[in-house]
Structures are given as structure tokens and as C-alpha cells.
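J.: Any chance you could fold what I've pasted below:
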Amino acid sequence: MDLFYILTVLAFAGLMQGLTGFGFGIVAMALLPLWMDFKLAAATVAAINVPVCWGTLWLNRKHFVWRDSAGLIAGVVVGVPIGVSMLSWGKSETLLRCLGGVMCFFAVLDPLLQRFRLGPIPHWYALPLGFLSGVFGGAFNIGGPPAVAYVYSQPWTKPQIIVALQAMFSVSAILRVGLMGNAGLLGSNVTFILGWSLIPVLCGIWLGGLLLNRMPQTHLKAAVFLMVFVMGVRYLIWPPSPRL
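T.: Residues are numbered from 1 along each chain as shown. Model (predicted):
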């Protein structure tokens, strides 16, 4: 039952990734800490993120434009090592409470940005927003929101938005795995879960890609961020005692 729950969560997170281009980390980290230690969850999501990001990038590769992702990638390269250092040295309960605060903040920030949209975010913001994505990604595996706010403000098509995000996430994922491995955070449990979850996750991404242009993105994002907010409040007030 433990493995079934974990695989279900990861497959659902993959579906959100295919639909929105950024849902995997935030959905997985909202639900996995209910069942497993925070650091184990973070290491697991980081390891799975490598094939997830590359799979999503491959599906949309024909829409890739280097200049759309260059600033975000540069920021991520600087931010990820800082975030992984926080993960390595922090206590799991403290990190869970921090995760809850970050989740609540981003869940509230996204609809506010959508409601009071002032036009495209200037391109020079890509670097600092990429840096924030790197820090939050390295520490909590939810580095998407700062970059998502940037790319969704641009006058790009859905495939362009998704491929720009995935180019950044792919670099971030490889950096995180390398740094986590060096810090001793990747153990046999991570390898075991990765082996079992790879096919369900990639199937979820594939299904999400098929449904990409058939589902209203506004309603979908609202549902995802509502769930993220609820789980964020849960972690802030009552950090769970994981089973694994």
C-alpha cells in the first residue's frame, strides 16, 4: 500500500506536468511528505524529475527557442546549490514548515498575478526569477512558480511556454541530482522508487500532453493551487509524521 500510494501520487504529478508544464514537483511535494520523510521525498522527486523534464522537453522540442530560457537557466545554475545546501543541513520538521509557507505563498501569489496582470514581465527579470526557482527547487523541489510567473506573462503559445520551462527544469534537475548525490541524500530507497515509478510517471506525462489543448488551463491551475494551499497550511500547522 505504501508503494501504491507513492506511485499514484507520482503518476498524478506526471499528468499535471504534461498538462501545465510545471506541475510535477509542486504536486508531488504537496502529497509525498504525508507518507515519507521530507528529505527522502525531496531526493525522490529530484531523481524522477530528470526523466520527467527531459521527457516533457522531448515531446515539445520543436518549439524550443534558446533565448526564451537563457536567463532562467543562468539563474538556476547559481540558485540550485544554495537550495540543496539548505536541504542537506536543515531538520526535516523545520523544512516541512518552510515548505508549507512557500506553498501557501505561491498558491496565493499565482491568482493575484493572474488577476492584476500588467503585461509581460520584462526579460531582464528572467535571471533573478531563475535564481529564486533554483533556490526553491534545490531545497523543496518546487522551483516552478517564479519561472512560471515569468513565462506565462509572455505572449507565447502553450507549447512555447512548456518547452521554455522544461529547458530550465532539465538543467535544474541534473544539478540537483548531482549535488544531492554528493551530499549523500540519494540512497537505495530512491533508486527502488525510481525504478517502479518511471513508467507510470511517463505515462502520466504522455496523457497530459494529449489533453493539453482540450482542458481549460485557468480552471486546472486554480484547482492545483487550491490543493497546494490546503497542504501548505497543513504542513505549517501540523507537520506529518511520515511512515517511510
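J.: how about the strands in the protein?
T.: Using DSSP state E, no strands are found in the chain.
J.: quick one: low-confidence parts of it?
T.: Low-confidence segments of the chain (pLDDT under 70): 1, 21-22, 56, 113-119, 212-213, 215-219, 240-244.
J.: Run a quick check on residue 110 versus residue 145, I expect a contact.
T.: Yes: using Cβ atoms under 8 Å, residue 110 is in contact with residue 145, at 6.6 Å. (Each C-beta comes from the backbone N, C-alpha and C, glycine too.)
J.: between the two, which one's more packed in?
T.: Ranked by neighbour count (other Cβ atoms under 10 Å), residue 110 and residue 145 place residue 145 first, with 25 against 20.
J.: which residue sits closest to the more buried one, ignoring its sequence neighbours?
T.: residue 106 (4.1 Å; Cβ to Cβ, 6 or more residues apart in numbering).
J.: Can you report how many residues lie near the one you found?
T.: When neighbours are counted by other Cβ under 10 Å, residue 106 registers 21.
J.: contacting residues around it?
T.: Applying Cβ atoms under 8 Å, 6 or more residues apart in numbering to residue 106 gives the contacts 26, 142, 145, 225, 228.
J.: next one: phi and psi at residue 65?
T.: Main-chain torsions, residue 65, degrees, to the nearest 10: phi -130, psi 120.
J.: Against residue 158, how distant is it?
T.: Using Cβ to Cβ, to the nearest Å, we find residue 65 at a distance of 14 Å from residue 158.
J.: who's more crowded, these two?
T.: More crowded of residue 65 and residue 158, by other Cβ under 10 Å: residue 158, with 16 against 12.
J.: From residue 214, how far off is that one?
T.: Between residue 158 and residue 214 the computed distance is 11 Å (Cβ to Cβ).
J.: same thing with residue 146?
T.: Relative to residue 214, and taking Cβ to Cβ, residue 146 is found at 28 Å.
J.: the more surrounded of the two?
T.: Neighbour totals were compared for residue 146 and residue 214, and residue 146 leads with 25 against 7 (other Cβ under 10 Å).
J.: Hmm, the more buried one is touching residue 126, no?
T.: No: between residue 146 and residue 126 there is no contact under Cβ under 8 Å: 10.0 Å.
J.: Most neighbours among the contacts of residue 106, please name it.
T.: Among the contacts of residue 106, residue 26 has the most neighbours (other Cβ under 10 Å), with 31 neighbours.
J.: which phi and psi does the residue nearest to that residue when sequence neighbours are not counted have?
T.: Computed as Cβ to Cβ, 6+ apart, the closest residue to residue 26 that is not its neighbour in sequence is residue 142, at 4.6 Å. For residue 142, the backbone dihedrals (degrees, to the nearest 10) come out as phi -130, psi 60.
J.: Which residue ranges of this protein form helices?
T.: Listed in chain order, the helices of the chain (DSSP state H) span 2-20, 23-31, 38-59, 66-89, 92-115, 126-140, 144-152, 158-182, 188-211, 217-237.
J.: tell me the most buried of those?
T.: helix 23-31 (a mean of 27; mean count of other Cβ atoms under 10 Å).
J.: and that helix, how far out from the chain's middle?
T.: Chain-centre distance of helix 23-31: 6 Å, with Cα atoms, centre = their mean, to the nearest Å.
J.: Can I get it in CSV, CA atoms only?
T.: Provided in CSV are the C-alpha atoms of helix 23-31 (Å, rounded to 0.1, in the frame of the first residue of the first chain):
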residue,chain,number,x,y,z
GLY,A,23,3.1,20.6,-12.0
PHE,A,24,5.2,17.6,-11.2
GLY,A,25,7.4,19.0,-8.4
ILE,A,26,4.7,21.1,-6.6
VAL,A,27,2.1,18.3,-6.7
ALA,A,28,4.5,15.6,-5.7
MET,A,29,6.0,17.6,-2.8
ALA,A,30,2.5,18.6,-1.6
LEU,A,31,1.5,14.9,-1.2
